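Trainee: quick check, what structure comes out for this input:
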Amino acid sequence: MTNTPTGPAIEVSGLRRSYGKQVVLDGIDLRVPEGTVFSLLGPNGAGKTTMVQILSTLIRADSGEARVGGHDVVRDADRVRAAIGVTGQFSAVDDYLTGEENLLLMGDLNHLGRAESRRRIADLLERFGLAEAAKKGAATYSGGMRRKLDLAMGLMGNPRVIFLDEPTTGLDPRSRRDMWQIVRDLVAGGVTIFLTTQYLDEADELADRIAVLDHGTIVASGTPEELKRRLHNGHISLRFADARSFAAASALLDVRGAEEEALTLQVASDGTVPTLRALLTELDEHAIELDDLSIHTPDLDDVFFAVTGSPTE
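Mentor: Numbers count the residues shown, from 1 in each chain. Model prediction:
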């Protein structure tokens, strides 16, 4: 993402929400600049959807403050609703209507005039590649087409902030990438995206900043690169041609892990070319024959496990 933010699109301070004795959000602070993608990650039940529901005025927090588009989500709820679009993992598409009729319905709900509504529909159908299917019943749409139509419906009111709650769950890889490009195009036009997702590669691909929510609190936040740099578990995996080379390398190198039967060693690495070059030079100087190598740098899966203690789904 390359947009220059001009101010906060979302501001959250001390947000708390409980269901009975279960604390779901425990004093959350967030700030999302305009024209960026912010991704909220966390295990199932961590409170991601609750956060989206509060920010989109569907439910109220127990305490704390939240502003979206400069408007308080409680005192100015109508203005917040006018400024946002929401697309969830469960589609709001009406199967009994055509794609075009679904969009017309959203135009009426947004109090658009018929001419403006038709103009917006034509633009969205073209932008989302749905023009040829516009007259077909939504029940005939594929999963990817339904998700595109659902997002297009959320855009009928020309929102400046869009909440995408696990928008690509269940989509095939091609449809997921189509959705990613749509998100990029929206942000390029100045729209702010608040994204929750189970797919860490999706957050890595799209997000300007990420926060990880666990047990009601933000346990890590930053850009994807900042989060990955916090971990020091990058390594190079070396496989040797024979047992002699394996033994010699084991004695020479600072080994983090070894699999003798597979003749492989793991050595710490920051993943840079100079580090790799120095390692290969050292092996060559000692006439140690290397059969293969692979470089592992920390990814968001590693970050997620490190800060939540849970594997990704």
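Trainee: helices and strands of the protein: which one has the lowest mean pLDDT?
Mentor: helix 300-308 (a mean of 81; mean pLDDT, DSSP states H and E).
Trainee: could you export that helix as PDB, CA atoms only?
Mentor: Written as PDB, here are the backbone C-alpha positions of helix 300-308 (Å, rounded to 0.1, in the frame of the first residue of the first chain):
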ATOM      1  CA  LEU A 300       3.200 -14.200  10.200                       C
ATOM      2  CA  ASP A 301       2.400 -17.800  11.200                       C
ATOM      3  CA  ASP A 302       5.500 -17.700  13.400                       C
ATOM      4  CA  VAL A 303       4.500 -14.400  14.800                       C
ATOM      5  CA  PHE A 304       0.900 -15.700  15.500                       C
ATOM      6  CA  PHE A 305       2.200 -18.700  17.400                       C
ATOM      7  CA  ALA A 306       4.800 -16.700  19.300                       C
ATOM      8  CA  VAL A 307       2.300 -14.100  20.700                       C
ATOM      9  CA  THR A 308      -0.800 -16.300  21.200                       C
END
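Trainee: helices of the chain, residue ranges please.
Mentor: Assigned by DSSP state H, the chain shows helices spanning 48-55, 77-83, 99-109, 114-127, 143-154, 173-188, 200-206, 224-229, 243-252, 273-285, 300-308.
Trainee: domain ranges for the chain, per the record?
Mentor: Per automatic domain parsing, the domain ranges recorded for the chain read 33-54+76-210+220-229, 235-297.
Trainee: which of those sits closest to Asp62?
Mentor: The minimum distance between Asp62 and the domains of the chain falls on domain 33-54+76-210+220-229, with 9.8 Å, by C-beta to C-beta. Heads up, the C-betas are built off the backbone N, CA and C, glycines and all.
Trainee: for this protein, which residues score under the pLDDT cut-off?
Mentor: Flagging of the chain using pLDDT under 70 yields the residue ranges 1-7, 89-91, 232-233, 310-313.
Trainee: residue closest to the middle of it?
Mentor: Nearest to the centroid of the C-alpha atoms of the chain, with distances taken as C-alpha atoms, centre = their mean, sits Ala203, at 2.8 Å.
Trainee: OK, contacts around that residue?
Mentor: By C-beta atoms under 8 Å, 6 or more residues apart in numbering, the contact set of Ala203 is 39, 41, 195, 197, 210, 224, 300.
Trainee: how near is it to Ala61?
Mentor: Remark: distance between Ala203 and Ala61 (C-beta to C-beta, to the nearest Å) = 24 Å.
Trainee: who are the contact partners of the nearest residue to Gly137 once chain neighbours are set aside?
Mentor: Leaving aside its sequence neighbours, Gly137 sits nearest to Thr98 (C-beta to C-beta, 6 or more residues apart in numbering; 5.7 Å). Each residue near Thr98 by C-beta under 8 Å, 6+ apart is listed here: 134-138.
Trainee: now the buried members of those residues.
Mentor: Neighbour-count burial (16 or more other C-beta atoms under 10 Å) is assigned, among those, to 134, 138.
Trainee: got the contacts of Thr98 as JSON lines, with distance to Gln22 columns?
Mentor: Listed next are the contacts of Thr98 as JSON lines, based on distance: C-beta to C-beta, whole Å:
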{"residue": "Ala134", "distance to Gln22": "44"}
{"residue": "Lys135", "distance to Gln22": "47"}
{"residue": "Lys136", "distance to Gln22": "44"}
{"residue": "Gly137", "distance to Gln22": "41"}
{"residue": "Ala138", "distance to Gln22": "36"}
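Trainee: closest one of the contacts of Thr98 to Leu253?
Mentor: Checking the contacts of Thr98 one by one against Leu253 (C-beta to C-beta), the nearest turns out to be Ala138, at 59.8 Å.
Trainee: the closest one contacts Leu97, doesn't it?
Mentor: Yes. Proximity of Ala138 to Leu97 meets the contact threshold set by C-beta atoms under 8 Å, at 6.1 Å.
Trainee: so what's in contact with these two at the same time?
Mentor: With C-beta under 8 Å, 6+ apart as the test, Ala138 and Leu97 reach no residue in common.
Trainee: what about the nearest residue to Thr36 once chain neighbours are set aside, how many residues close to it?
Mentor: Leaving aside its chain neighbours, Thr36 sits nearest to Asp208 (4.2 Å; criterion: C-beta to C-beta, 6+ apart). The burial count assigned to Asp208 is 20, neighbours taken as other C-beta atoms under 10 Å.
Trainee: in this structure Asp208 contacts Phe38, no?
Mentor: Yes. Assessed by C-beta under 8 Å, Asp208 is found in contact with Phe38 at 6.8 Å.
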